[in-house]
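J.: Structure, please.
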Amino acid sequence: MYNDEKQQALPPYSDMDKDGKLEFGGFELTEMHPSRDSMYYEPSKYYEIANGTIYFDSALTRAMDRKRNGVYLAKPLDIDGNCCIAIRKPAKKRISIRP
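T.: The predicted model follows:
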């Protein structure tokens, strides 16, 4: 379980999205895709604790999926109902350093 914006293992609950509520959750593990330019979508689920009740945190789930996968998919299962569909790998940001 990773509970901060840097995806580091922390105590099980932390305020990940700075909304004043404690959150917990993480990503499902998927295997490597055989193609170098593709990957299997890795869905996440995050929850927040508010007033002693646990709620699904859809905003944080979407944000973390976009960060990890480059896109959010509401239905990540393949046509057979298995996790997960193949997507194109998100582009890496390149930083060019000019002298």
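J.: Mean pLDDT per helix and strand in the chain: which one sits at the bottom?
T.: One helix or strand of the chain scores below all others by mean pLDDT, DSSP states H and E: strand 22-27, with a mean of 88.
J.: what comes into contact with it?
T.: Contacting residues not belonging to strand 22-27 are listed as 1-3, 12-17, 42-49, 57, 60-61, 64, 68 [Cβ atoms under 8 Å, 6 or more residues apart in numbering]. In this view, the C-beta of every residue, glycine as well, is placed from N, C-alpha and C.
J.: Using neighbour counts, trim those to the buried set.
T.: 2-3, 16-17, 42-48, 57, 60-61, 64, 68 (16 or more other Cβ atoms under 10 Å).
J.: Farthest pair within these?
T.: Using Cβ to Cβ, the buried ones among the contacts of strand 22-27 span at most 20.6 Å, a distance reached by Glu42 and Glu48.
J.: can you give me the helices for this protein?
T.: 58-69 (DSSP state H).
J.: What segments of it are strands?
T.: With DSSP state E as the criterion, the chain has strands at 22-27, 38-40, 44-50, 53-56, 86-88.
J.: Tell me which strands the fourth one pairs with, and in which orientation.
T.: Spelled out, that is strand 53-56. Sheet partners assigned to strand 53-56 using DSSP bridges are listed as strand 44-50 (antiparallel).
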